[in-house]
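Asker: attaching a predicted model along with its sequence, questions to come.
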Amino acid sequence: MTYPPSGPALREPGPDLSSAPVTVPAQRRGAPAVAVERLRAAATTEPGRLQIIGAALALLVVVFGAVTVLEVSGRASSAADVVTRSQPLSADAASIYRSLADADTMAASGFLAGAQEPKDVHEQYEKDIKEASRLLVKAAGSTDTSSSSHQEITTLGELLPEYTGLIERARANNRQGLPLGGAYLRYANQKMTNEILPAAERLYTAETHRLGTDSADARRWPFLSLAAGLVALAALVWMQRRNYRRTNRVFNHGLLAATAAATVVLLWLAVGHTVARAELHGAMVNGQQSLDVLNKARINSLKARANENLTLVARGAVLTPDGTKDQYETDYGTGMKALGAQLASAAKLAGDSTGRAPVDAAATSVTEWQDRHKKARETDDQGDYDSALSQIIGPENSTGESFDEVDDALELALSHEQDQFDSAAADGRGALGGLPAGAAVLAVLGAVAAIVGVNRRLSEYR
């Protein structure tokens, strides 16, 4: 009897499994790895590739629509701010500045008229103060408490009662024939000139800067939307070409509808934004720039008029720092020089004859004003104060009459330019209206159409 040899048990020869790959169950792998594996597996067959392409096309169209909605919504919001917030605030700031300057002019004019202030002059002064106060309250409710504009509004709110109090003291003393009235009036004018009007000018500058920022934001090109649209459109065209080469079919209704939707959104975006950009640019160049120059011109005319009146009120009591010239007469000359330059600039900026005509009329009246002022100063220098006073505040052939003509012409020019701005800005805002909602709807329809078009191809494999 034969026995097997002793020692370790002998094994049947077989394959070496030490280096064989180990298959890990799907539940033990991460979800991303499983998804990638399935994607690779699907990409090996034409139906799988079509499913991947369909999902990618739908995603591209949806991304295009989403980016367009986000970008255009921001620009439409900025355009709306130009029309409804920043430009009205800039206009209100200019009105505050102008009302304060006019109030100072009326105060000096009423003082010059004597103890009994003319009723119309007093009523205009009261109207200016009330208008400035009303607009300050309105502006305070429309500005952020941490902004520089709100700080200027607070400053104006504190200084305005001080100014009106000084004017009332000047009037009270003037009615009694006391010379102290002139001192109060000059002090009130200094507060207006050195503190109140500079704060009003800073407020106007801040609001005008915000207007420029809002307009620039609305006019920025939506580069991301345009790029996303071109990518989506290129992908759709590529898919249709691929479909044609594989099936020899010219049209796939679903893909064609998706391409049409993407094309409409892209064209709407490009054309709408181009029109909005052009209109808003025109509103700023032909409207706001003219308004800015005309507002400054009108304020300079008011300040020049106040200085002209105060020249007679002070009668040489206030001199320049070097002590050689009358301060108010010097300020009058400086203001008139700036006024002339601003009117020349406004004439160049005027976009049509309707806007240019009142500017030319104002320039003619300024020349007449300067001639009459020169004669009045010569009369006063000769010691004839009463005649000089008549040439300044008289009802006929006076500098006051010329000033009124300048002010009326500038008001007409401002009204015309404001209409020009409002019209252009509204057109620019309208060009973006409906685009965000339209882009969203068309993007969804385009994505659905792309999926339907690809599914039509998939049905051929079933």
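Answerer: It's in.
Asker: what segments of this protein are strands?
Answerer: Using DSSP state E, no strands are assigned anywhere in the chain.
Asker: buried residues in the longest helix that it contains?
Answerer: Looking across the chain with DSSP state H, the single longest helix is helix 46-81. Using 16 or more other CB atoms under 10 Å as the test for burial, helix 46-81 gives 48, 50-51, 53-54, 57-58, 60-65, 67-69, 71-73, 75-81. All C-beta spots, glycine's among them, are computed from the backbone N, C-alpha and C.
Asker: show me what that helix is packed up against.
Answerer: Packing partners of helix 46-81 (3 or more CB pairs under 8 Å, 6 or more residues apart in numbering; DSSP states H and E): helix 31-42, helix 197-219, helix 223-247, helix 253-282, helix 399-432, helix 435-458.
Asker: quick one, it and helix 253-282 angle?
Answerer: 20 degrees (axes from the mean of the first three to the mean of the last three CA atoms, to 10 degrees).
Asker: now helix 46-81, how far from the centre of its chain.
Answerer: Centre-to-centre, helix 46-81 and its host chain are 29 Å apart (CA atoms, centre = their mean, to the nearest Å).
Asker: okay, the helices and strands packed on helix 46-81 in TSV with distance to residue 128 and mean neighbour count next?
Answerer: Output for the helices and strands packed on helix 46-81, formatted as TSV (distance: least, CB to CB, whole Å; neighbours: other CB atoms under 10 Å):
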stretch	distance to residue 128	mean neighbour count
helix 31-42	72	11
helix 197-219	12	20
helix 223-247	48	17
helix 253-282	33	20
helix 399-432	12	21
helix 435-458	44	21
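Asker: circling back to that earlier point, what angle separates the longest helix of the chain from helix 435-458?
Answerer: Using the same axes, to 10 degrees: helix 46-81 against helix 435-458 is 170 degrees.
Asker: residue 111 touches residue 175, doesn't it?
Answerer: No - counting by CB atoms under 8 Å, residue 111 stays clear of residue 175, with 10.4 Å between them.
Asker: anything in contact with each of these two?
Answerer: Taking CB atoms under 8 Å, 6 or more residues apart in numbering as the contact criterion, the common neighbours of residue 111 and residue 175 are residue 181.
Asker: the more surrounded of the two?
Answerer: residue 111 (26 against 13; other CB atoms under 10 Å).
Asker: so who does the more buried one touch?
Answerer: By CB under 8 Å, 6+ apart, the neighbours of residue 111 are 117, 170-171, 174, 181-182, 185, 309, 313.
Asker: same question for residue 442.
Answerer: So residue 442 contacts 65, 261-262, 264-265 (CB under 8 Å, 6+ apart).
Asker: now with 7 Å?
Answerer: Residue 442 sits next to 65, 261, 264-265 when contact means CB atoms under 7 Å, 6 or more residues apart in numbering.
Asker: quick check: the farthest pair among those?
Answerer: 65 and 264 (11.3 Å; CB to CB).
Asker: on that earlier part again, and the helices and strands packed on helix 46-81 as TSV, adding distance to residue 87 and mean pLDDT?
Answerer: As requested, the helices and strands packed on helix 46-81 are exported to TSV (distance: least, CB to CB, whole Å; pLDDT from 0 to 100):
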stretch	distance to residue 87	mean pLDDT
helix 31-42	52	62
helix 197-219	5	93
helix 223-247	26	90
helix 253-282	11	93
helix 399-432	7	93
helix 435-458	22	89
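Asker: among those, which comes closest to residue 144?
Answerer: Per CB to CB, nearest to residue 144 of the helices and strands packed on helix 46-81: helix 197-219, 10.4 Å.
Asker: against which helices or strands is the closest one packed?
Answerer: Applying 3 or more CB pairs under 7 Å, 6 or more residues apart in numbering; DSSP states H and E, we find helix 197-219 packed against helix 46-81, helix 87-112, helix 148-175, helix 253-282.
Asker: chain center to it: distance?
Answerer: 8 Å.
Asker: what inclination does it have with respect to helix 253-282?
Answerer: Going by the same axes, to 10 degrees, helix 197-219 makes 160 degrees with helix 253-282.
Asker: contacts for helix 197-219 next, please.
Answerer: Against helix 197-219 from outside (CB under 7 Å, 6+ apart): 75, 78-79, 81-82, 86-87, 89-90, 93-94, 96-97, 100-101, 148-149, 152-153, 155-156, 276-277, 280-281, 284, 288, 292.
Asker: ok so, going back, okay if I get the helices and strands packed on helix 197-219 as TSV plus distance to residue 397?
Answerer: Listed next are the helices and strands packed on helix 197-219 as TSV, based on distance: least, CB to CB, whole Å:
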stretch	distance to residue 397
helix 46-81	48
helix 87-112	17
helix 148-175	26
helix 253-282	42
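Asker: which one, of those, ends up nearest to residue 342?
Answerer: Between the helices and strands packed on helix 197-219, helix 87-112 lies closest to residue 342; by CB to CB that is 13.7 Å.
Asker: list the buried ones in the closest one?
Answerer: So, applying 16+ other CB under 10 Å, buried residues of helix 87-112: 87-112.
Asker: re earlier: could you dump the helices and strands packed on helix 46-81 to JSON lines with distance to residue 382?
Answerer: Below are the helices and strands packed on helix 46-81 laid out as JSON lines (distance: least, CB to CB, whole Å):
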{"stretch": "helix 31-42", "distance to residue 382": "99"}
{"stretch": "helix 197-219", "distance to residue 382": "33"}
{"stretch": "helix 223-247", "distance to residue 382": "71"}
{"stretch": "helix 253-282", "distance to residue 382": "53"}
{"stretch": "helix 399-432", "distance to residue 382": "17"}
{"stretch": "helix 435-458", "distance to residue 382": "71"}
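Asker: relative to residue 359, which of those is closest?
Answerer: The nearest among the helices and strands packed on helix 46-81, by CB to CB, is helix 399-432 at 5.2 Å.
Asker: helices or strands up against the closest one?
Answerer: Packed next to helix 399-432, using 3+ CB pairs under 7 Å, 6+ apart, are helix 46-81, helix 87-112, helix 253-282, helix 289-314, helix 353-381, helix 385-393.
Asker: make it 6 Å
Answerer: helix 46-81, helix 253-282, helix 289-314, helix 353-381 (3 or more CB pairs under 6 Å, 6 or more residues apart in numbering; DSSP states H and E).
Asker: right, so of those, which gets closest to residue 196?
Answerer: Among the helices and strands packed on helix 399-432, if distance is taken as CB to CB, the winner is helix 289-314, at 11.9 Å.
Asker: what is the mean pLDDT for that closest one?
Answerer: If you average the pLDDT over helix 289-314, you get 91.
Asker: okay, angle between it and helix 148-175 too, please.
Answerer: 30 degrees.
Asker: what packs against helix 289-314?
Answerer: helix 87-112, helix 327-349, helix 399-432.
Asker: in a markdown table: those, plus distance to residue 224.
Answerer: Converted to a markdown table, the helices and strands packed on helix 289-314 look like this (distance: least, CB to CB, whole Å):
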| stretch | distance to residue 224 |
| --- | --- |
| helix 87-112 | 28 |
| helix 327-349 | 35 |
| helix 399-432 | 16 |
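Asker: ok, which of those comes nearest residue 222?
Answerer: Closest among the helices and strands packed on helix 289-314, using CB to CB: helix 399-432, at 10.1 Å.
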